[in-house]
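Q: Next one to model:
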Amino acid sequence: MQLSRGTITPHRLFTVKDLALGNPEPHVDRVIKEFLAIGDAVAARWIQMPNAILLFQMAPEDPASGAIYVYDRLHQEFYLLSFEGAEDNLTLDDFCHLLTEYNLLRYAEQPALLHVPLQTTGSA
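A: Residues are numbered from 1 along each chain as shown. Below is the predicted model of the structure:
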């Protein structure tokens, strides 16, 4: 099946240790707020699960500036989920569509998938 934005690839960005925040568990609000502050962004969507958090981050004044991130709670690492085209110009509607089309919740359910070099299918 051809997916609308092509192949999805997770890119490791940095760890909680890189941000010098200490252990955020079990209350991860602080680390997510620090992550959002790096880009002067807001979380338009925040889906928190036991193993990871799926974030749709965007600039508050630009509805077409969104990007999708995952925070792996187990390894305390942040990842960008990028597509073949630009990945930081998504709208909230785009995110809602991609959430289903690419089965993005699987990354929050199973963050080990982030460590796989390439994810090309929309199914689990």
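Q: Would you map the helices across this structure?
A: For the chain, helices defined by DSSP state H occupy the ranges 29-38, 92-101, 105-109.
Q: tell me the mean pLDDT over the first one?
A: If I follow you right, that is helix 29-38. Across helix 29-38, the average pLDDT comes to 91.
Q: Pull the distance from it to the chain's centre.
A: Distance of helix 29-38 from the chain centroid (C-alpha atoms, centre = their mean, to the nearest Å) equals 13 Å.
Q: that older thread, which one of the helices of the chain lies closest to Leu74?
A: Leu74 lies closest to helix 105-109 among these, at 11.6 Å (C-beta to C-beta). Where C-beta positions appear, they are placed from N, C-alpha and C, glycine not excepted.
Q: Report all helices and strands that that closest one contacts.
A: Here helix 105-109 touches strand 42-48, strand 52-58, going by 3 or more C-beta pairs under 8 Å, 6 or more residues apart in numbering; DSSP states H and E.
Q: need these in TSV with mean pLDDT, can you?
A: What follows is the helices and strands packed on helix 105-109, written out as TSV (pLDDT from 0 to 100):
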stretch	mean pLDDT
strand 42-48	96
strand 52-58	96
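Q: Would you mind putting the ones you listed into CSV with mean neighbour count alongside?
A: Listed next are the helices and strands packed on helix 105-109 as CSV, based on neighbours: other C-beta atoms under 10 Å:
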stretch, mean neighbour count
strand 42-48, 16
strand 52-58, 25
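Q: Let's have those strands in TSV, adding distance to Leu3.
A: Shown next, in TSV, are the helices and strands packed on helix 105-109 (distance: least, C-beta to C-beta, whole Å):
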stretch	distance to Leu3
strand 42-48	20
strand 52-58	18
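Q: do you know which of those strands lies nearest Asp18?
A: Closest approach to Asp18 among the helices and strands packed on helix 105-109 (C-beta to C-beta): strand 52-58, 17.0 Å.
Q: ok, residues contacting the closest one?
A: 28, 32, 35-36, 39, 41-47, 65-74, 90, 92, 95, 104-105, 107-109, 111 (C-beta atoms under 8 Å, 6 or more residues apart in numbering).
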